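Undergrad: okay, predicted coordinates and the sequence, questions at the end:
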Amino acid sequence: MTYAQVVDALKSALPTKTWTQDKGIIEPYLREWRGRWQGVTSILLLPTSTADVVIAVKICATHKTPIAIQGGNTGLVGGQMPQGEILLSTVRLNKIRDKSADNLHMICEAGVTLQTVQEAAGEMGLKFPLSLASEGSCTIGGNLSTNAGGVHVVKYGTARQLVFGVEAVLADGRIYDGLNPLRKDNTGYDLSQLLMGAEGTLGIITAASVKLFPQPKDNIRVMAAVESPAKALRLLNMVRGGNRLCMFELIPRLGMDYVTQMPDHKDPFADKYPWYVLLEWEFNGSESPQEFAENILEAAAENGLVLDAVIANSQAQSAALLALRENLSAAQKPIGTTIKHDISVPIAKVPSFIARANKAVLRHTPNCRPLPFGHLGDGNIHYNIGQPETMQPEAFMALEPEINDIVYDIVDSLGGSISAEHGIGILKKQQLSRRASPAKLQMMRQIKTALDPDGILNPRVLL
Ligand SMILES: Cc1cc2nc3c(=O)[nH]c(=O)nc-3n(C[C@H](O)[C@H](O)[C@H](O)COP(=O)(O)OP(=O)(O)OC[C@H]3O[C@@H](n4cnc5c(N)ncnc54)[C@H](O)[C@@H]3O)c2cc1C
């Protein structure tokens, strides 16, 4: 069968409202946040049920026709952008199927946005702690497929730690049902976990059974000014006891300069400091958050760890502090092009990574503008390098392969990872194949071949 005949077969087998070839409707699905990849497809499938997904996959499997899978289209490594494949979007798989406050679980379909999951948990008086700047658009299926991180990993873990299991349509159209919300289940391989972080290469996640948590009684957010990443690390050691700390984010002065250029973003301090830490504690006991924060910050100041601090004393101020961190990436756009890295190293090695990487990239490209920021509490730094003001964007981007090697060689030497949060997609495929151990790559290929022998699911992604 030709590709056009497969498209016709999909059109006749699926309900009319679950597919479109209207270029105007498809167009936004072919553009992504970074403006780096332009998608191409002749048909967009918008299934509304797992049964629709099964019909589509069975037709594609029979004719060995590749499918690109898309959730909220906020991915940063290009994995969701079709290059001629059938495009299957999960955004209409948007029902919450079940929820239980007693069992602390919710079963939601893959296309439910993260924000909707958080709000639905809130309506139950509970909390779903995954939190990313893209939460209004990204979907739970995309979060699990990329094993998303975000700002609360330091307390609650990454996306894969926040689910009981998933339902997925496999490459031959079979349904794997791992939704049972059991807290203990040792009956062999954890197949749901295998599907998470697989970036759509092993199955299409159609639903997830997510873990909910009691709402903390109270919380407090603080911005602390510090002298260096090393001092920030010592502060982390001082403040993380007692299971209260749920956010510990690093911001350099340059980031504060950029983000305070945005409307409604104000530097909370009168003076300028070299580094900042945004941190948040949650409280369940009877202690006063304000007193707790004041005492610990005072002690940190006495130890020479904190130069200055602002404690948010309203919801609005708390949101304003978080916005300074969450909009750092967006704030970089006006400075021109940036070469981005999303790396992790053991937490203790973050200061060393930042110092070594800054020195090395500035030696390679004088006047480039490194901006290391992000999840210090998890050892995960977004290492974005802005172009020198005097260089053309194209000339700077031409240096990307060399600069990547410089940064990733340092990451490797510190025992780190070239992708802490965003995944591999198509952006880091070459780097993964060069840097992962042969045994790891071989096992990954064997698993892919076992579950998707004809390579029809996201065929250009990851491997
Ligand atoms: C402003 C901004 C801030 C961000 N902050 C963070 C952050 O703090 N932490 C973080 O980890 N990420 C962050 N991201 C990246 C992104 O939001 C996450 O990777 C998110 O989990 C992607 O979800 P999505 O639904 O948009 O997936 P998409 O972008 O649509 O897809 C991502 C990948 O998952 C696959 N996929 C999607 N849905 C499914 C499914 N149902 N079944 C199988 N495969 C699927 C796609 O094929 C693709 O390979 C940010 C992005 C932006 C734009």
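TA: Now that the structure is in, tell me what you want to look at. Residues are numbered from 1 along each chain as shown.
Undergrad: what does the protein have sitting close to the ligand?
TA: 33, 69-76, 79-80, 90, 110, 132-134, 138-139, 141-143, 145-146, 148-150, 199-200, 204-205, 329, 421-422, 425, 458, 461 (Cβ under 6 Å from any ligand atom). (Each C-beta comes from the backbone N, C-alpha and C, glycine too.)
Undergrad: list only buried entries from those residues.
TA: Neighbour counting by 16 or more other Cβ atoms under 10 Å classes 69-76, 79-80, 90, 110, 132-134, 138-139, 141-143, 145-146, 148-150, 199-200, 204-205, 329, 421-422, 425, 458, 461 among those as buried.
Undergrad: mind checking how far Trp275 is from Pro401?
TA: Separation of Trp275 from Pro401 (Cβ to Cβ, to the nearest Å) stands at 30 Å.
Undergrad: quick check: which element contains Arg221?
TA: strand 218-226 (DSSP states H and E).
Undergrad: hmm, who's touching that strand?
TA: 232, 235, 246-247, 268-269, 271, 273-283, 289-290, 292-293, 297, 300, 305-312, 318, 321-322, 324 (Cβ atoms under 8 Å, 6 or more residues apart in numbering).
Undergrad: and these, which of them are in helices?
TA: Using DSSP state H, the members of the contacts of strand 218-226 that fall within helices are Ala232, Leu235, Pro289, Gln290, Phe292, Ala293, Leu297, Ala300, Ser318, Leu321, Leu322, Leu324.
Undergrad: for the second one, what are its contacts?
TA: Pointing back at Leu235 there. Counting by Cβ under 8 Å, 6+ apart, Leu235 touches Ala224, Val226, Val277, Ala300, Leu305, Val306.
Undergrad: which among those residues gets closest to Lys23?
TA: Lys23 lies nearest to Val277 out of these, by Cβ to Cβ, at 47.1 Å.
Undergrad: what does the model give the closest one for pLDDT?
TA: Looking at Val277, its pLDDT stands at 98.
Undergrad: what sits against it?
TA: Counting by Cβ under 8 Å, 6+ apart, Val277 has contacts Met223, Ala224, Val226, Ala232, Leu235, Leu236, Phe248, Glu249, Leu250, Ile251, Leu376.
Undergrad: what's the closest non-adjacent residue to whichever residue of the stretch 201-350 of the chain sits closest to the ligand?
TA: Nearest residue of the stretch 201-350 of the chain to the ligand: Ile205, at 3.7 Å (Cβ to the nearest ligand atom). Nearest residue to Ile205, sequence neighbours excluded (Cβ to Cβ, 6 or more residues apart in numbering): Gly141, at 4.4 Å.
Undergrad: secondary structure class of that neighbour, three-state.
TA: Using DSSP: H, G, I helix; E, B strand; the rest coil, the structure places Gly141 in helix.
Undergrad: you'd agree it is up against Leu93?
TA: Yes. Judged on Cβ atoms under 8 Å, Gly141 makes contact with Leu93 at a distance of 7.4 Å.
Undergrad: intersection of neighbour lists for these two?
TA: Glu109, Ala110, Gly111, Thr206.
Undergrad: what is the nearest of those to Arg356?
TA: Arg356 lies nearest to Ala110 out of the shared contacts of Gly141 and Leu93, by Cβ to Cβ, at 40.0 Å.
Undergrad: now do the same contact list for that closest one.
TA: Ala110 makes contacts with Gly71, Thr90, Leu93, Thr139, Ile140, Gly141, Gly142, Ile204, Ile205, Thr206, Ala207, Ala208, as judged by Cβ under 8 Å, 6+ apart.
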